[in-house]
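Peer 1: whatever this is, show me its structure:
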Amino acid sequence: MKVNFNLNGRYVSYDITPGEYLADTLRSHSVLSVKKACDEAACGACTVLLDGRPILSCSFLSARVEGRNVTTVEALQDEVDEISDFFADEGADQCGFCNTGLALTILALRKELNNPTDEDIKHFVAGNLCRCSGYQSQFKAIKKYLEAHK
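Peer 2: Below is the predicted model:
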């Protein structure tokens, strides 16, 4: 079966199998920023934006993106680079495996909430697991990034 959607600003049409998940579809078409880690929608490494909202692509059926907009970090490189700089300044990016999913989540947070509280930030990024840090430096970096964009 075919699925037709907008990927990073361009129309694509991919052959998929019934039951195929979006993470697998994207990776099979060389969108390698979408990581596969837990395959259980528990870590956030596979996060992409679907119509501007973060989803976990490892548990989202590819057929459900028909006619929709999917965005990965490849389309938002300048924004992701800026977030990465804030992370680096706070010593928050150690191995970097979680960074792409976390960056997309932060970009969605910035668009969705004008003045997020600390609790809003924690709630929004709760599904993004990091195996390297204790989250404090990441939280500081996110707050500084959001403050810089008020």
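
Peer 1: now do the contacts for Tyr11.
Peer 2: Contact analysis of Tyr11 by C-beta atoms under 8 Å, 6 or more residues apart in numbering lists 4-5. For glycine as for every other residue, the C-beta is placed from the backbone atoms N, C-alpha and C.

Peer 1: test my guess that Leu56 contacts Thr47.
Peer 2: Yes - in this structure, Leu56 is within contact of Thr47 by C-beta atoms under 8 Å, at 6.2 Å.

Peer 1: let me know whether Ala45 touches Gly96 as I believe.
Peer 2: No - using C-beta under 8 Å as the test, Ala45 is too far from Gly96 to be in contact (10.8 Å).

Peer 1: tally of neighbours for the nearest residue to His149 once chain neighbours are set aside?
Peer 2: Spatial nearest neighbour of His149, excluding adjacent residues (C-beta to C-beta, 6 or more residues apart in numbering): Arg110 at 6.0 Å. Neighbour count of Arg110, defined by other C-beta atoms under 10 Å: 18.

Peer 1: ok, Arg110 to Arg27 distance?
Peer 2: 26 Å (C-beta to C-beta, to the nearest Å).

Peer 1: what of Leu146?
Peer 2: Leu146 is 30 Å from Arg27, where distance means C-beta to C-beta.

Peer 1: now the strands for this protein?
Peer 2: 2-7, 10-15, 47-50, 53-56, 69-71 (DSSP state E).

Peer 1: quick one, helices of the chain?
Peer 2: 22-28, 77-89, 99-112, 118-124, 136-148 (DSSP state H).

Peer 1: let's have those in a markdown table, adding distance to Ser13 and mean pLDDT.
Peer 2: As requested, the helices of the chain are exported to a markdown table (distance: least, C-beta to C-beta, whole Å; pLDDT from 0 to 100):
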| stretch | distance to Ser13 | mean pLDDT |
| --- | --- | --- |
| helix 22-28 | 12 | 97 |
| helix 77-89 | 24 | 93 |
| helix 99-112 | 24 | 93 |
| helix 118-124 | 33 | 93 |
| helix 136-148 | 36 | 93 |
